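Asks: I'll drop the sequence and a predicted model, then ask my questions.
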Amino acid sequence: MEAISKNYIINEKIRDREIRVISKDGEQLGILPTKEALNMAEESELDLVMISPNAKPPVCKIMDLGKFIYEQSKKEKEAKKKQKVINIKEIRVSLTIEENDIAIKAKKARKFLLDGDKVKVTVRFRGREMQLGDIAQKILDNFLGKLDDVCIMEKPAKREGRNMTMILGPKKA
């Protein structure tokens with residue numbers, strides 16, 4: 001029990017002289033001395049938990065701490081279930097890529113975008129290809145043209161070392 005409640009100041013660990021107390025039903029009991037509030041919590045076999053330490057005076061609630069923590073963890077798990085995890089899929093192309101190969105890679109990127117993932121399109125430069133940034137830009141523009149109906153450009157083409165990358169995100173319906 002003690003290992004779980006590290007985030008909360010409970011029972012005898014409350015050092016303030018006076019606290020605002022809320023009953024287990026959510027009813028305001030007013031500002032009471034800490035010892036009196038502790039006695040009330042012990043009588044009902046519950047814990048006195050500080051829920052707002054920064055308030056003047058601090059706010060404490062009489063509740064079952066174990067049950068409260070369990071319900072909090074259930075709420076967090078439920079919130080995680082509803083989250084949509086967005087992955088970034090990478091598609092690499094070279095400067096010497098042919099039109100048909102771009103179409104095939106664009107088809108794969110379309111599938112990723114329709115699944116709700118982002119796509120990072122990377123053109124890799126080798127050796128003397130470093131001077132051919134304008135060709136890489138044309139390849140990325142061509143790639144984007146094939147996917148215009150299902151994506152938006154989140155990050156325009158940018159050169160990063162030996163690569164030129166652009167990030168595409170799915171269009172929101």
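Replies: Everything's here; your move.
Asks: Helices of this protein, residue ranges please.
Replies: With DSSP state H, the ranges of helices along the chain come out as 34-43, 65-82, 99-114, 133-146.
Asks: ok now the second one, how far from the chain's centre?
Replies: If I follow you right, that is helix 65-82. Helix 65-82 has its average C-alpha position 17 Å from the chain's average C-alpha position, going by CA atoms, centre = their mean, to the nearest Å.
Asks: The closest residue to residue 22 other than its chain neighbours: what's it in contact with?
Replies: Counting by CB to CB, 6 or more residues apart in numbering, residue 22 lies nearest to residue 61, which is 4.4 Å off, once chain neighbours are set aside. In this view, the C-beta of every residue, glycine as well, is placed from N, C-alpha and C. Neighbour list for residue 61: 21, 22, 23, 24, 48, 49, 51 [criterion: CB atoms under 8 Å, 6 or more residues apart in numbering].
Asks: Then residue 149?
Replies: Contacts of residue 149 by CB under 8 Å, 6+ apart are residue 171.
Asks: if I look at residue 84, how far off is residue 76?
Replies: 16 Å (CB to CB, to the nearest Å).
Asks: out of these two, which sits in the more crowded spot?
Replies: Neighbour totals were compared for residue 84 and residue 76, and residue 76 leads with 10 against 5 (other CB atoms under 10 Å).
Asks: Restricting to C-alpha, output stretch 125-143 in CSV.
Replies: C-alpha atoms of stretch 125-143 as CSV (Å, rounded to 0.1, in the frame of the first residue of the first chain):
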residue,chain,number,x,y,z
PHE,A,125,22.6,10.7,-52.4
ARG,A,126,25.7,8.7,-53.1
GLY,A,127,29.1,10.0,-54.1
ARG,A,128,28.9,12.8,-56.8
GLU,A,129,25.1,12.8,-56.6
MET,A,130,25.4,15.4,-53.8
GLN,A,131,25.3,18.2,-56.4
LEU,A,132,22.0,17.0,-57.9
GLY,A,133,19.6,18.4,-55.3
ASP,A,134,17.2,19.8,-57.9
ILE,A,135,16.7,16.3,-59.4
ALA,A,136,15.9,15.0,-55.9
GLN,A,137,13.4,17.8,-55.5
LYS,A,138,11.7,16.9,-58.8
ILE,A,139,11.5,13.2,-57.7
LEU,A,140,9.8,14.2,-54.3
ASP,A,141,7.4,16.6,-56.1
ASN,A,142,6.5,13.7,-58.5
PHE,A,143,6.0,11.4,-55.5
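Asks: Only the buried residues of the longest strand along the chain, if you could.
Replies: As assigned by DSSP state E, the longest strand anywhere in the chain is strand 151-160. By neighbour count on 16 or more other CB atoms under 10 Å, the buried set for strand 151-160 is 151, 157.
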